[in-house]
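Enquirer: Requesting a structural model of the entry that follows:
(4 chains)
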2 protein chains.
Amino acid sequence: MSQTVPSEDVLRANGLRVTRPRVAVLEAVRENPHSDTASIIALVRERSGEVSHQAVYDVLRVMTEAGLLRHIQPSGSVARYESRVGDNHHHVVCRSCGAVADVDCVTGAAPCMEGSDDHGFLIDECEVTFWGSCPDCRAGGPGRNDLEEIPPERKGTHA
Amino acid sequence: MSQTVPSEDVLRANGLRVTRPRVAVLEAVRENPHSDTASIIALVRERSGEVSHQAVYDVLRVMTEAGLLRHIQPSGSVARYESRVGDNHHHVVCRSCGAVADVDCVTGAAPCMEGSDDHGFLIDECEVTFWGSCPDCRAGGPGRNDLEEIPPERKGTHA
DNA sequence: AGAGGAGACTTGAATCAATCAAGAAAAGCG
DNA sequence: CGCTTTTCTTGATTGATTCAAGTCTCCTCT
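Expert: Down below sits the predicted model:
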């Protein structure tokens, strides 16, 4: 896996300068996929001492534009980042605690591009988000955060 | 279509009190699908005189919980609402101007529920967002807003 | 029809993610 | 080794959304 390539090399290979904040952000996201910005800032500071929040925002934007990171933002959530890019995967989000997990899309190569009328849009990406409850929340288990229950806006869609 | 049912009746039928702000919000969203909250506030005030922004937020939340409205929020966008609920439709969003259009999902009844490993999540909804450019933006036409080009975070997904 | 009470609205302040701006620091080049 | 450009820091600001307290009004029950 490319996960073993040192972050410094990844940065250089993508034409990005190697700085302490950048290395720290990349490693934080690699090790903690789907983290939000606040968590990433905390992780970066643990790892690398004081770094301004602005630097983290800048780094996340630059690395996302470079294709090193992917930015996701389920409804009602703040921005989250992951280092798994370039493949064909989607996400499942827990309505109760906001937990996110990856879902490979196995239904053929382009299952969702078969939508009917595209209204003349030129489509380049299909993003799929599954909503439900995670194992911990269903069990009322330890992983359950005391977030407000996120209302299922329209249950039964596709089910 | 149910579009012809008076908004007052729709509210009553769903156990919601009939008030001036509620009627105005429902009609505004019916006539302007995919509007954001600020636009809805403006439309409501045109239609019905001064109404507090808080009232509009409250009404939108209550009507969404009641299943009368659906709330969508593509990455990087503010909350948007539509009155088309209960069916199996998705959205295509323009990266340049943010325009949203409806897309029926015709690939069988539950095309996207066939994701592989669901990590133990109990899934109740599958939300699909297509990203691309709308006809106006491709033409550089009059519909083009001067929004910053939203970077395609990972082009080619599913295409 | 009128009163009571729960629910809805208004006003005004607060929160919080995210962005903007200007100057200081440092990465990488020659 | 110094220069130039990019990046980082500091501090302020924006803007959507939420919170809180008080007033109003829709609906029901008599």
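Enquirer: residues contacting residue A:59?
Expert: By CB atoms under 8 Å, 6 or more residues apart in numbering or on different chains, the residues touching residue A:59 are A:21, A:22, A:25. Quick note: C-beta positions are derived from backbone N, CA and C, even for glycine.
Enquirer: most surrounded residue in those?
Expert: With neighbours set by other CB atoms under 10 Å in any protein chain shown, the maximum within those is found at residue A:25, which has 30 neighbours.
Enquirer: Give me the nearest residue to it, chain neighbours excluded.
Expert: residue A:59 (4.6 Å; CB to CB, 6 or more residues apart in numbering or on different chains).
Enquirer: ok so, going back, any chance of the contacts of residue A:59 in JSON lines, with secondary structure and pLDDT too?
Expert: As requested, the contacts of residue A:59 are exported to JSON lines (DSSP: H, G, I helix; E, B strand; the rest coil; pLDDT from 0 to 100):
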{"residue": "A:21", "secondary structure": "helix", "pLDDT": "98"}
{"residue": "A:22", "secondary structure": "helix", "pLDDT": "98"}
{"residue": "A:25", "secondary structure": "helix", "pLDDT": "98"}
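Enquirer: Among the residues you listed, which ones lie close to DNA strand D?
Expert: Among those, proximity to DNA strand D is found for A:21, A:22 (CB under 7 Å from any atom of the strand).
Enquirer: quick check, nearest of the contacts of residue A:59 to residue A:93?
Expert: Closest approach between the contacts of residue A:59 and residue A:93, by CB to CB: residue A:25, at 22.9 Å.
Enquirer: I'd say that closest one and residue A:60 touch.
Expert: Yes - Residue A:25 is within contact range of residue A:60, at 6.6 Å (criterion: CB atoms under 8 Å).
Enquirer: Which neighbours do those two have in common?
Expert: Residues touching both residue A:25 and residue A:60 by CB under 8 Å, 6+ apart: residue A:40.
Enquirer: quick check, nearest of the contacts of residue A:59 to residue A:134?
Expert: residue A:25 (26.3 Å).
Enquirer: Return the residues of chain A in contact with DNA strand C.
Expert: Counting by CB under 7 Å from any atom of the strand, chain A comes close to DNA strand C at A:12, A:17-20, A:36-38, A:53-54, A:57, A:61, A:73, A:78-79.
Enquirer: of all those, which two lie farthest apart?
Expert: Pairwise distances among the residues of chain A next to DNA strand C were taken by CB to CB; the largest, 30.0 Å, belongs to A:12 and A:78.
Enquirer: As a check, name the ranges of all strands in chain A.
Expert: Counting by DSSP state E, chain A has strands at residues A:35-36, A:70-72, A:80-82, A:89-94, A:100-104, A:122-133.
Enquirer: now the ones you listed as CSV including mean pLDDT?
Expert: Output for the strands of chain A, formatted as CSV (pLDDT from 0 to 100):
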stretch, mean pLDDT
strand A:35-36, 98
strand A:70-72, 97
strand A:80-82, 98
strand A:89-94, 94
strand A:100-104, 92
strand A:122-133, 91
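Enquirer: Just send these back as CSV, with mean neighbour count and distance to residue A:4 too.
Expert: Below are the strands of chain A laid out as CSV (neighbours: other CB atoms under 10 Å in any protein chain shown; distance: least, CB to CB, whole Å):
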stretch, mean neighbour count, distance to residue A:4
strand A:35-36, 18, 20
strand A:70-72, 19, 19
strand A:80-82, 22, 17
strand A:89-94, 23, 20
strand A:100-104, 18, 19
strand A:122-133, 21, 28
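Enquirer: any chance of the ones you listed in a markdown table, with distance to residue B:120 too?
Expert: Below are those laid out as a markdown table (distance: least, CB to CB, whole Å):
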| stretch | distance to residue B:120 |
| --- | --- |
| strand A:35-36 | 21 |
| strand A:70-72 | 20 |
| strand A:80-82 | 19 |
| strand A:89-94 | 10 |
| strand A:100-104 | 9 |
| strand A:122-133 | 10 |
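Enquirer: Just put those strands in TSV and tack on distance to DNA strand D.
Expert: As requested, the strands of chain A are arranged in TSV below (distance: least, CB to the nearest atom of the strand, whole Å):
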stretch	distance to DNA strand D
strand A:35-36	15
strand A:70-72	17
strand A:80-82	15
strand A:89-94	17
strand A:100-104	19
strand A:122-133	17
